[in-house]
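Novice: can you look at this prediction? I've put the sequence above it.
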Amino acid sequence: MDRLIDRHRAVLPNWLALYYADPIEIVHASGRRVTDANGTTYLDFFAGILTNALGYDVPEVSDAVRKQLDTGILHTSTLYLIRAQVELAEEIARLSGIPDAKVFFTNSGTEANETALMLATQYRRSNQVLAMRNSYHGRAFATVGITGNRGWSASALSPVRVSYVHGGYPYRSPFRGMSDADYIAACVEDLRDVLQTGTSGDVACMIAEPIQGVGGFATPPDGLFGAFAEVLAEHGILFISDEVQTGWGRTGTHFWGIQAHGVVPDMMTFAKGLGNGLAIGGVVARGEVMDCLTANSISTFGGNPVATVGARAVLDYVREHDLQGNAHTLGTRLLSGLRDISARHPVVGDVRGKGLMVGVELVEPGGMTPSPAVATRVLEETRARGLLVGKGGLHNNVIRLAPPMTLTAEELEEALTILGDSIAAASGEDH
Ligand code: PMP
């Protein structure tokens, strides 16, 4: 048993998702390209599910981390002051736009959302939570419990009581086909109805992804969450924006995905791209909400010096190189290129997204029936042509595109050509 895949299957859980019939082991990476153990190089349009916001082997980040490692002090827990942690918190608090913001660092998005839920439920003295249908918020007890997407909600034994709201996934919504204004009005009516008929009244918070990540880059119309927030404010319900995928300028028009909705949330959670591969996440919240806990708490590794020094370098890089602007420019071209491909191939049911976060939903030609088989073939066909993409969505029929935000225009055209060829091949058409 010397094949890595066999050893992996023997010792790691069955439920750990793996891509490809013949999974890839990445052994080298540079820029936007990764190389596997067989020496094959791929253009990376998923970047570890948006983890590598800057791509690979970025000297500004590696040098900052190496300098920290060279001090000889890797980490001594948050019982002592950590300069980089304070500086990073100051910067994120400022960037958040949340008044009197305070920041708590974690090691993952799951832990960030668990913390946000704990803060909201304690602050409001209620364990009732509103979440979006088809959402994903993590893999621990409360977060898996509120996750709406059944394919990723492994446990029904949630410590919180959750009610689900329409709106995050317009393509498969009962309000599909309406104008944006009518769609938002219908979702607001649903929210009011859920509050009235699906809760006991004392709701702690709503949590939502501005663009649903695991849910297939489903993209609600701008303004939806602003309209929701007005209803929530009437009841004193806190609003949490899960920015784990949509933060750091990824959506192009804004630094945080929620800003397109004209609302400043009470809390935001973040992770993934901030560390460019280093484990870091966190919560930024109104100070009063963050400080509502009275017992002591600690995160042994959250906000450790290596991760926070790296994250500061990532944030500097994002701003100095205007990666948000790049995400906007190239994202606009990515969407239009995919819409051209979509016009040629009836298996493409929907193309959606913002900035460098774009989903392609695959269906049976002529209708809306999900086609996970075509999506799996696209995944394999793109790989065979040297491109890594993501897959996901409620029906596992969405190709997810989220390259590093340092992407170049040439790399984008290369990917579009491969995607066009792969979709043609996967749908059994000649091209
Ligand atoms: N929230 C969202 C929106 C996510 O996409 C993810 C990860 N896919 C998480 C939370 C959980 O983050 P992590 O995997 O770092 O625990």
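Specialist: Here it is on my side, so go on. Numbering: from 1, shown residues only.
Novice: please tell me how far P174 sits from L12.
Specialist: Separation of P174 from L12 (CB to CB, to the nearest Å): 39 Å. To be clear about C-beta, it is placed using only N, CA and C from the backbone, and glycine gets the same treatment.
Novice: to clarify, my last question referred to R133.
Specialist: According to CB to CB, R133 stands 30 Å off from L12.
Novice: over to Y183?
Specialist: The gap separating Y183 from L12 is 42 Å, by CB to CB.
Novice: and if you look at L18?
Specialist: Distance from L18 to L12, by CB to CB: 9 Å.
Novice: point to the residue nearest the middle of this protein.
Specialist: Residue closest to the mean C-alpha point of the chain, counted by CA atoms, centre = their mean, is Q245 at 2.2 Å.
Novice: residues near M132, how many?
Specialist: For M132, the count of nearby residues is 30 (other CB atoms under 10 Å).
Novice: what's the closest residue to it other than its chain neighbours in contact with, if anything?
Specialist: In space, and not counting its chain neighbours, M132 is closest to G168: 4.0 Å by CB to CB, 6 or more residues apart in numbering. Contacts for G168 (CB atoms under 8 Å, 6 or more residues apart in numbering) come out as 132-135, 208-209, 212, 215, 218, 220.
Novice: give me the subset of those touching the ligand.
Specialist: Checking those against the ligand by CB under 6 Å from any ligand atom, the ones in range are E209.
Novice: which of the contacts of G168 fall in strands?
Specialist: Counting by DSSP state E, the contacts of G168 place 132, 208 in strands.
Novice: show the buried residues in the contacts of G168.
Specialist: Buried subset of the contacts of G168 (neighbour count, 16 or more other CB atoms under 10 Å): 132-135, 208-209, 212, 215, 218, 220.
Novice: can you give me the helices for this protein?
Specialist: For the chain, applying DSSP state H gives helices covering 4-11, 47-50, 59-70, 83-96, 109-124, 141-146, 180-197, 224-235, 287-290, 305-320, 323-344, 372-384, 409-426.
Novice: what's around whatever residue of the stretch 51-200 of the chain ends up closest to the ligand, how many residues?
Specialist: Relative to the ligand, the nearest point of the stretch 51-200 of the chain is G109 (2.4 Å; CB to the nearest ligand atom). Per other CB under 10 Å, the neighbour tally for G109 reads 27.
Novice: thinking again about what came up before, confidence score at the residue nearest to the centre of the chain?
Specialist: On pLDDT, Q245 comes in at 98.
Novice: can you tell me the closest non-neighbouring residue to it?
Specialist: Spatial nearest neighbour of Q245, excluding adjacent residues (CB to CB, 6+ apart): G213 at 3.9 Å.
Novice: pull the contacting residues for the one you found.
Specialist: Applying CB under 8 Å, 6+ apart, we find G213 in contact with 49-50, 136, 244-246, 392, 400.
Novice: now R133
Specialist: The contact partners of R133, by CB under 8 Å, 6+ apart, come to 148, 164-169.
Novice: let's see that with 6 Å instead.
Specialist: By CB atoms under 6 Å, 6 or more residues apart in numbering, R133 lies in contact with 148, 164.
Novice: repeat for F217
Specialist: 211, 353, 357, 359, 400.
Novice: filter those residues down to just the ones in strands.
Specialist: Counting by DSSP E, these place 353, 357, 359, 400 in strands.
Novice: in TSV, list those residues along with distance to S297.
Specialist: As requested, the ones in strands among the contacts of F217 are exported to TSV (distance: CB to CB, whole Å):
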residue	distance to S297
G353	37
M357	33
G359	37
R400	35
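Novice: how many neighbours does the closest residue to H75 other than its chain neighbours have?
Specialist: Distances taken as CB to CB, 6+ apart place N304 nearest to H75, at 4.3 Å, with adjacent residues excluded. Residues contacting N304 under the criterion other CB under 10 Å number 25.
Novice: how close does A47 sit to the ligand?
Specialist: Plainly put, A47 is 13 Å away from the ligand if you go by CB to the nearest ligand atom, to the nearest Å.
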